[in-house]
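In: Sequence unavailable; structure follows:
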């Protein structure tokens, strides 16, 4: 019997929602790590019971947690309870340590980026926004962090090394923080090409490596951002999220600050597919598990008003890869709804009848077991939802 | 034994329920206390002071004997009452809320 596990990160802890394949009755566990900001949790495709979690706090910094039993118990990799010290009393506890590469041997490490005031500012590690486990190795996992950089662990999250070729890209001094900080929030691994990784940064844009992270290039041709000094610049675009269908990894969909975009050539060029959306501002975007031309967004009124138009929470679905969109409203509040849906807060399962899930800043997690036709709240009163990831278990 | 009182979230992280006790050989200073604390509870590394710079995280402060020692140099000896175990070193998070 198939099973679905939904991993929810919130401002005040993590929650795990589980159901059978019917997705009608749900068990809710949590809060895990109560009181901490849980930016993201994601399970390993290789070992679904292995889940990585980003736990952070303005007071105490960044913690990486890992579960090897599907979220029942957790530990900091390398520092399990009862094994708190290494040989000779030397501390382990390295899993919290994200240190930018400053060596001359590995690319061109940068020391500054553009800051809000236009001056150059040193790179400062703040938190992990997104965790992306490897598609082929349960011990390998990537972390997208603020200030923007990509780290990789090959020992289950115990030690982290920066892939500094990205931060050392020649455009680095032109990257700048968006309102949420200068975050690397999207990491997509190409299932057909282990050398290829896509990432996205707010506000720098999208980047791609074709050599497992050694070298990178910006892939922002076709993006137009009138709110930056050079609207078609190579970097500087506020990309909110990027999604890919695993069955067609050369096709990418992007929710930019404004504009919904698609690329049919692995990001080499983009075209706008906002079409008849009532507003093309938003944060999330995702692709149906079995229909690579069926995509989902949640339009948000504007950059100054982060809530749905007219107080109506509507998911929009396109079955044509963009341009032609339909509003999905059945089961969603259609009056007085002023929540937001953040960039990592939508996910899909891979059951035959594809399930769609999203969480709101009002603490609701909605699910649809029929590809978006109808929606039901799984939970309604969580802290603000930061991320939603789904595991389909067989 | 040196006594240290941790904020609630760090007690949870370290799997302790109350104050912790540390054995320190040599001068009792902020640095030696934090070194001993992190050696005994390595999951706390990076949570009280930065992993790289070893600077105190900005929203945490160190109190002892009703005095604030947060801005003292890390190698300044802590009060005798802390060194003798009569009083704890308090690690306190900034209050945030309404």
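Out: Done, it's in. Since the structure is predicted, the reported quantities are computational estimates derived from the model, not experimental observations.

In: What is the neighbour count of whatever residue of chain B ends up closest to chain A?
Out: Going by Cβ to the nearest Cβ, chain A is nearest to residue B:42 of chain B, at 3.2 Å. For the C-beta atoms, the positions are set from N, CA and C on the backbone; glycine is no exception. By the measure other Cβ atoms under 10 Å in any protein chain shown, the count of residues near residue B:42 is 25.

In: My read is that it contacts residue A:95, right?
Out: No: the criterion here is Cβ atoms under 8 Å, and residue B:42 misses it with residue A:95 at 9.7 Å.

In: what touches both of the two?
Out: Taking Cβ atoms under 8 Å, 6 or more residues apart in numbering or on different chains as the contact rule, residue B:42 and residue A:95 both touch residue A:79.

In: for the residue of chain B closest to chain A, phi and psi?
Out: phi -70, psi -20 (degrees, to the nearest 10).

In: quick one: it from residue A:261, how far?
Out: Residue B:42 sits 45 Å away from residue A:261, going by Cβ to Cβ, to the nearest Å.

In: Contacts only, for residue B:76.
Out: Contacts of residue B:76 (Cβ under 8 Å, 6+ apart): B:29, B:30, B:69.

In: So which of these wins on neighbours?
Out: For the contacts of residue B:76, counting by other Cβ under 10 Å, the largest number of neighbours falls to residue B:30: 22 neighbours.

In: Any chance you could list what contacts stretch A:310-317?
Out: Under Cβ under 8 Å, 6+ apart, the answer for stretch A:310-317 is A:277, A:294-299, A:308, A:325-329, A:332-339, A:356, A:358, A:360, A:371-372, A:375.

In: Low-confidence regions, chain A specifically.
Out: Along chain A, segments meeting pLDDT under 70 span A:80-94, A:106-108.

In: partners of the residue most central in space within it in the sheet?
Out: Central residue of chain A (Cα atoms, centre = their mean): residue A:344, 4.1 Å from the mean position. Counting by DSSP bridges, residue A:344 forms beta bridges with residue A:387.

In: Could you look up the SS state of residue A:243?
Out: State at residue A:243, reduced to three classes by DSSP: H, G, I helix; E, B strand; the rest coil: strand.

In: quick one: it from residue B:89, how far?
Out: Applying Cβ to Cβ to residue A:243 and residue B:89 gives a distance of 49 Å.

In: Which one's more surrounded, these two?
Out: Taking other Cβ under 10 Å, residue A:243 and residue B:89 do not tie; residue B:89 has more neighbours (25 against 21).

In: what's the burial count for residue A:17?
Out: Neighbour number of residue A:17 under other Cβ under 10 Å is 23.

In: To which secondary structure element type does residue B:9 belong?
Out: helix.

In: and chain B, which residues reach chain A?
Out: Neighbours of chain A within chain B, by Cβ under 8 Å from any Cβ of the partner chain: B:7-10, B:13, B:15, B:38-48, B:50-52, B:57, B:59-60, B:93-94, B:96.

In: residues near residue A:126, how many?
Out: 16.

In: Residue A:386 reaches residue A:37, doesn't it?
Out: Yes: taking Cβ under 8 Å as the definition, residue A:386 is a contact partner of residue A:37 at 7.1 Å.

In: Between these two, which contacts overlap?
Out: With Cβ under 8 Å, 6+ apart as the test, residue A:386 and residue A:37 both reach residue A:11.

In: re the thing from before, return only those of the contacts of stretch A:310-317 found close to chain B.
Out: Okay, of the contacts of stretch A:310-317, nothing touches chain B (Cβ under 8 Å from any Cβ).

In: Just the buried ones from those?
Out: In terms of neighbour count (16 or more other Cβ atoms under 10 Å in any protein chain shown), the buried residues within the contacts of stretch A:310-317 are A:277, A:294-299, A:308, A:325, A:327-328, A:332-333, A:337, A:339, A:356, A:358, A:360, A:371-372, A:375.

In: Who are the contact partners of the residue lying closest to residue A:352 once chain neighbours are set aside?
Out: Nearest in space to residue A:352, with sequence neighbours left out and distances taken as Cβ to Cβ, 6 or more residues apart in numbering or on different chains, is residue A:290 at 7.8 Å. Listed by Cβ under 8 Å, 6+ apart, the contact set of residue A:290 reads A:247, A:350, A:352, A:354.

In: Helices of the chain, start to end?
Out: The chain I'm using is chain A. A:164-167 (DSSP state H).

In: wrong chain, I was asking about chain B
Out: Under DSSP H, chain B gives helices at B:8-14, B:30-40, B:80-83.

In: Any chance of a markdown table for the ones you listed, columns mean pLDDT?
Out: Shown next, in a markdown table, are the helices of chain B (pLDDT from 0 to 100):
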| stretch | mean pLDDT |
| --- | --- |
| helix B:8-14 | 93 |
| helix B:30-40 | 95 |
| helix B:80-83 | 97 |
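
In: ok, the closest residue to residue B:31 other than its chain neighbours to residue A:300 distance?
Out: Distance criterion Cβ to Cβ, 6+ apart; nearest residue to residue B:31, sequence neighbours excluded, is residue B:74 at 4.1 Å. Separation of residue B:74 from residue A:300 (Cβ to Cβ): 47 Å.

In: and these two? which has more neighbours close in?
Out: Using other Cβ under 10 Å, the more surrounded residue of residue B:74 and residue A:300 is residue A:300, with 22 against 17.

In: Surely that one is in contact with residue A:340?
Out: Yes: using Cβ under 8 Å, residue A:300 makes contact with residue A:340 at a distance of 6.3 Å.

In: what touches both of these two?
Out: What both residue A:300 and residue A:340 touch, as defined by Cβ under 8 Å, 6+ apart, is the set A:283, A:306, A:307.

In: Please report the distance of the first one from residue B:50.
Out: The one in question is residue A:283. Distance, residue A:283 to residue B:50, by Cβ to Cβ: 31 Å.

In: between those two, which one's more packed in?
Out: residue A:283 (21 against 15).

In: mind listing what that one touches?
Out: A:240, A:241, A:255, A:298, A:300, A:340, A:341, A:342, A:343, A:345.

In: ok, 6 Å please
Out: A:240, A:342, A:343 (Cβ atoms under 6 Å, 6 or more residues apart in numbering or on different chains).

In: Now it: closest residue in space that isn't a chain neighbour?
Out: Residue A:283 sits nearest to residue A:343 (Cβ to Cβ, 6+ apart), 4.2 Å away.

In: pretty sure the one you found is touching residue A:239, no?
Out: No: counting by Cβ atoms under 6 Å, residue A:343 sits too far from residue A:239 to count as a contact (9.3 Å).

In: any low-confidence regions in chain B?
Out: Looking at chain B by pLDDT under 70, you get B:97-98.
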